[in-house]
Structures are given as C-alpha cells and as structure tokens.
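> Okay, sequence plus prediction incoming.
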Amino acid sequence: DMVRENFALFLRCADGIDVFNEKTLAQSGPSVVDRLNRLDALAESCTHQAKKSFKPLLDNANEVRKVQSALAVLQRVAPMLQAPYLMRQHVENGRFSSALK
C-alpha cells in the first residue's frame, strides 16, 4: 500500500538522481571526491598553521596565569612572611613588647 502511494515520488527522485549524475559527469574538472580531498588537505593545513601560530600565545597565557596565581598566594601570606622582619626591627630598636605582638 505504501509503495503504491509513493511510487510517483520514487520515480521523480530516481529521475532527479539520473539528471544530477548526467550533469556531474558532463562537467569537466575535478570530481566530487577530488574536491573533498582538496578541502580535507586545506583544513589540515589550516589546523597546522593555527597550532603553529597560536601555540606561543597560548603558552604565554598559561605562564601569565601561573604567575598571577603565585602572586595572589604571596599577597595572601605576605603578613606572615613579614613577621620575622618586623620582629627583628622591633628587637633592634629595643621595642621588645612590640616584637611579641
């Protein structure tokens, strides 16, 4: 039943495929497969060039993130790191009670 209802549509599709094939074969120039291979080669070349171009930028960005993270840690612990220096200054200036604070 389904075949009977859609038989005309099937014939139109088959005719369209035949016309498409005739037009593609009549065209002079690279075939579809050749064009796809060329596109694949271009895509590979673009990928390689992008990696080559952007790798230094991405490496620098990662290095900047690491340095910024280290600076943030140092800023958080700066008061603890300054404590021995401040204690020494207070002791040298004779302010012993301030050195113990």
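Perfect, I can see it now.
> pLDDT weak spots in this structure?
24-30 (pLDDT under 70).
> if you set the cut-off to 80 instead, what comes out?
Residues of the chain that meet the criterion pLDDT under 80 lie in 1-3, 21-33, 99-101.
> Which residue lies nearest the spatial centre of it?
For the chain, residue 58 is the residue whose C-alpha lies nearest the centre (C-alpha atoms, centre = their mean; 9.2 Å).
> What residues does that residue make contact with?
Neighbour list for residue 58: empty [criterion: C-beta atoms under 8 Å, 6 or more residues apart in numbering]. Backbone N, C-alpha and C define where each C-beta goes, glycine included.
> which SS class is it?
Three-state assignment for residue 58 (DSSP: H, G, I helix; E, B strand; the rest coil): helix.
> From residue 10, how far off is residue 1?
14 Å (C-beta to C-beta, to the nearest Å).
> Could you check which of those two is surrounded by more residues?
Neighbours were counted for residue 1 and for residue 10 using other C-beta atoms under 10 Å; residue 10 has more, 10 against 5.
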